[in-house]
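J.: The following comprises the amino acid sequence and a computationally predicted model.
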Amino acid sequence: MSDNIDKLRHSLAHVMAAAVLEMFPKTKLGMGPAVENGFYYDLQLSKPLEEKDLPEIEKKMKELVAQSLKFEKKNINKRVAKKLFAVQPYKLELIKELPGDTVSIYSTGEFVDLCKGPHIKSTKEILPNTFKLTKVAGAYWKGSEKNKMLTRIYGLAFETEKELTDHLAILAEAEKRDHRKLGESLDLFTFSELVGPGLPLYTFKGTTVLNEIKNYSNQLQNAIGYQEVQTPSMNRAELFKVSGHYDKYKDDMFRVCSHYTKEDYYLKPMNCPQHTQIFASKQRSYKDLPIRMADFSQLHRDEKTGELSGLTRLRGFRQDDGHAFCREDQIKDEFKSVLSAVEKAMKTYGMNYKIRLSLWDPKQPEKYLGDAKVWKKSQQLLEEILVENKIEYVKAVGEAAIYGPKMDLISKDSLGREWQISTIQLDFIMPERFKLSYIDETGTQKTPVMIHRALVGSPERFFGILIEHYAGAFPVWMAPIQAVVLPIGEKHIDYARSVRNSLREINIRTEMWKDDTLGKKIRSAEMQKIPYLLIVGDREIEAKTVGVRARGKGDLGAMKTDEFIGKIKEEIANKTN
RNA sequence: GCCGGUGUAGCUCAGUGGUAGAGCAACGCUUUUGUAAAGCGUGGGUCGAGGGUUCAAAUCCUUUCACCGGCUCCA
């Protein structure tokens, strides 16, 4: 059945190309495949296309679909094909590259495309209102930035009208939850043109949430033996030359120059080379291993401006980063303990996930450090760990780090969107390059293995993901304001203040709002997504209670103040709600 | 970086060559309030920035910056 939807989507790509070709006959065709939720076609148009042109193309497509056009396949000789596509340079390029003497073409009405298929039999199979053109984008021919950029038109397509409307509803919900909008409206972070792109400024509220994320990661990794260290942002170029990052990523690191010595320093894009130097600072015994370090320092990467986006792609960020230096016989246990910590974190945040085993691409060895033998060995080891622990995984060739294979955790948020979060990476190469060693039980020098790992990746990036996952309504333990006390009238302010103070005494982030009407205060607290509103008036003062209203749940009724304190304390401690 | 789009008050937006507007927010006064917006009033903008065309530019041209949708990249 998934085959069928792919055929449908791919067929719609043809219909769209046919429609565009009718409207703009000089259009040159690129490629038009089916993709997740829809299809696209890359085109070279004689004039720029805008999003407002899409409805017209869509209308034309509907006309074509209504004609019940048949998709007919033919195998033809390459010479004939070259004649047929004489005015289509991209198709000619493809014909040249295809193996064999014949190529297959599909015709739909007057439209003919070079295509291996398969397709639906006829546009009759396309039900009304099951597709919609969504956006216009640029895309390099064959995906290489060295090639010309074509115009890509994206469309959504499903088998039924309901699936399309459901999908559009998800998109609308995602837009509402956009962390860039919520970040601004909930006063979590901001950007300034003066400060620079990709460099967010976190307000007090945003910093509070970030600290909770960071503290929780620290708690989880302390439990499995990681100890926090600090390392400098600026480092000599030499450090990165030894690590190998200089050759691969020099252009993506910010360079800082000393006026006095004229020496170049680089802002560190990751912590691993620094950690090797802590390891190297002492003579290590096999009994000392594993040595585990965690580091939350600020990292900088000179991302191209067009790649920056909200909190998900930044120039300055941190990682809940850690490195374990261990013996080969300890690798499995190290991976297991990190996996269990990650599992706990994902459970707390209420996210589903899957593991991706990211392998090197043997066809492009120049992208990686180290020789094939070491890669084979370490990849095998990772796979063993997954199999032995009965963990499901998918393999991804070409996704490895430059120094080794990794397990990446891809999590799904509440809208079912996927994000790469955690990563655990095996590295035989960097310890070697830094000539790290320990003394084994026989007194001989050995090279340790290095494990790179992160629990939630970058706290800042994860913050962005969480804003959307929770739609800004953070669970109590991470909410910037956990409770707000709302006195009904002026004469209730003193009591409200005393309730606030007793909550503050036990470090519950609490405010007291004395101005405005009750209705307005409630509205504003709900909009700020504060978990608990405590309403106090004559009745509450009399009975020493608070009127508890839970975010999104309405009035829960009166509760003894101590009882409420017990409830919220427990929720915070257990990280529930 | 590349293709396309956007940029007007703190926020959401209107304003197509002729004296910069609305709602919300803010501030002030009145009101002291029982579960999602009390009433009245006031202040606030070299229309992203630079240059040009014009008697006259938010509006037209140009350069540049930032952001948005994608592409490429992502240690």
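T.: Everything's here; your move.
J.: What's the mean pLDDT across stretch A:383-395?
T.: Averaging pLDDT along stretch A:383-395 gives 94.
J.: Revised request: answer the last question for stretch A:322-334.
T.: pLDDT averaged over stretch A:322-334 gives 96.
J.: With stretch A:250-267 instead?
T.: Confidence over stretch A:250-267, taken as the mean pLDDT, stands at 93.
J.: Which residues does it contact?
T.: Under the contact criterion Cβ atoms under 8 Å, 6 or more residues apart in numbering, stretch A:250-267 has outside partners A:233-237, A:239-240, A:245-246, A:268-269, A:299-303. Placement of C-beta: from N, CA and C, glycine included.
J.: Among the residues you listed, which are located in strands?
T.: A:Met234, A:Asn235, A:Arg236, A:Leu299, A:His300 (DSSP state E).
J.: So which bits of the stretch 51-200 of chain A are right by RNA strand B?
T.: Within the stretch 51-200 of chain A, the positions near RNA strand B by Cβ under 7 Å from any atom of the strand are A:51, A:135-140, A:143-145, A:149, A:151-152, A:180-181, A:184-185, A:191, A:193, A:196-198.
J.: What's the first helix or strand after the helix or strand encompassing A:Ala341?
T.: Here A:Ala341, judged by DSSP states H and E, is contained in helix A:331-349. On the C-terminal side of helix A:331-349, the closest following helix or strand by DSSP H and E is strand A:352-359.
J.: Sheet partners, orientation included, of that following strand?
T.: Strand A:352-359 has the following strand partners under DSSP bridges: strand A:393-397 (parallel), strand A:406-412 (antiparallel).
J.: wait, what's in contact with A:Ile522?
T.: Contact criterion Cβ under 8 Å, 6+ apart gives A:Leu486, A:Leu533, A:Ile535, A:Arg549 as the residues in contact with A:Ile522.
J.: Considering only these, which also neighbour RNA strand B?
T.: When Cβ under 7 Å from any atom of the strand is taken as the criterion, the members of these that contact RNA strand B are A:Leu533, A:Ile535, A:Arg549.
J.: Dump those residues to CSV, plus secondary structure and pLDDT.
T.: Rendered in CSV, the data for these read as follows (DSSP: H, G, I helix; E, B strand; the rest coil; pLDDT from 0 to 100):
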residue, secondary structure, pLDDT
A:Leu533, strand, 97
A:Ile535, strand, 96
A:Arg549, strand, 96
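J.: Output the below-cut-off pLDDT ranges for chain A.
T.: Scanning chain A for pLDDT under 70 picks out A:1-2.
J.: what helices or strands is the top helix by length along it leaning on?
T.: With DSSP state H setting the assignment, residue counts place helix A:2-23 as the longest helix in chain A. Using 3 or more Cβ pairs under 8 Å, 6 or more residues apart in numbering; DSSP states H and E as the contact criterion, the secondary-structure elements in contact with helix A:2-23 are strand A:34-35, strand A:38-44, helix A:54-66, strand A:102-108, strand A:111-114, strand A:149-157.
J.: Report whether it contacts RNA strand B.
T.: No - Helix A:2-23 is not in contact with RNA strand B by Cβ under 7 Å from any atom of the strand; minimum separation 14.7 Å.
J.: My read is that A:Ala13 contacts A:Val35, right?
T.: No - using Cβ atoms under 8 Å as the test, A:Ala13 is too far from A:Val35 to be in contact (9.2 Å).
J.: Have a look at these two and say which one is more surrounded.
T.: Set side by side, A:Ala13 and A:Val35 give different neighbour counts by other Cβ atoms under 10 Å, the larger being at A:Ala13 (25 against 16).
J.: For the more buried one, which non-adjacent residue is closest in space?
T.: On the basis of Cβ to Cβ, 6 or more residues apart in numbering, the spatially nearest residue to A:Ala13 that is not a chain neighbour turns out to be A:Gly32, at 3.6 Å.
J.: With A:Leu239 instead?
T.: Counting by Cβ to Cβ, 6+ apart, A:Leu239 lies nearest to A:Pro273, which is 5.0 Å off, once chain neighbours are set aside.
J.: do you know how far the one you found is from A:His245?
T.: 7 Å (Cβ to Cβ, to the nearest Å).
J.: now swap in A:Ala223 and tell me
T.: A:Ala223 sits at a distance of 30 Å from A:His245 (criterion: Cβ to Cβ).
J.: So which of those two has more stuff around it?
T.: Applying other Cβ under 10 Å to A:Ala223 and A:His245 shows that A:His245 carries more neighbours, namely 23 against 12.
J.: A:Met270 is in contact with the more buried one, correct?
T.: Yes - using Cβ under 8 Å, A:His245 and A:Met270 qualify as a contacting pair, with a distance of 7.4 Å.
J.: what's the neighbour count on the residue in the stretch 201-350 of chain A positioned nearest to RNA strand B?
T.: For the stretch 201-350 of chain A, the residue positioned closest to RNA strand B under Cβ to the nearest atom of the strand is A:Gly306, at a distance of 2.4 Å. Other residues within reach of A:Gly306, judged by other Cβ under 10 Å, total 7.
J.: One more: A:Phe240?
T.: That count, for A:Phe240 with other Cβ under 10 Å as the rule, works out to 21.
J.: bridging residues for the spatially most central residue of chain A?
T.: Most central residue of chain A, judged by C-alpha distance to the mean C-alpha position with Cα atoms, centre = their mean, is A:Trp419 at 3.6 Å. Going by DSSP bridges, A:Trp419 is paired in beta bridges with A:Ser411.
J.: got a list of what it touches?
T.: The neighbourhood of A:Trp419, defined by Cβ under 8 Å, 6+ apart, consists of A:Ile410, A:Ser411, A:Lys412, A:Asp413, A:Ile465.
J.: sorry, back to before: okay, the helices and strands packed on helix A:2-23 in CSV with distance to A:Tyr393 next?
T.: Output for the helices and strands packed on helix A:2-23, formatted as CSV (distance: least, Cβ to Cβ, whole Å):
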stretch, distance to A:Tyr393
strand A:34-35, 24
strand A:38-44, 28
helix A:54-66, 40
strand A:102-108, 36
strand A:111-114, 37
strand A:149-157, 30
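J.: hey, which of the ones you listed is tucked in deepest?
T.: Per-residue neighbour counts averaged over each of those give the maximum for strand A:38-44, namely a mean of 23 (mean count of other Cβ atoms under 10 Å).
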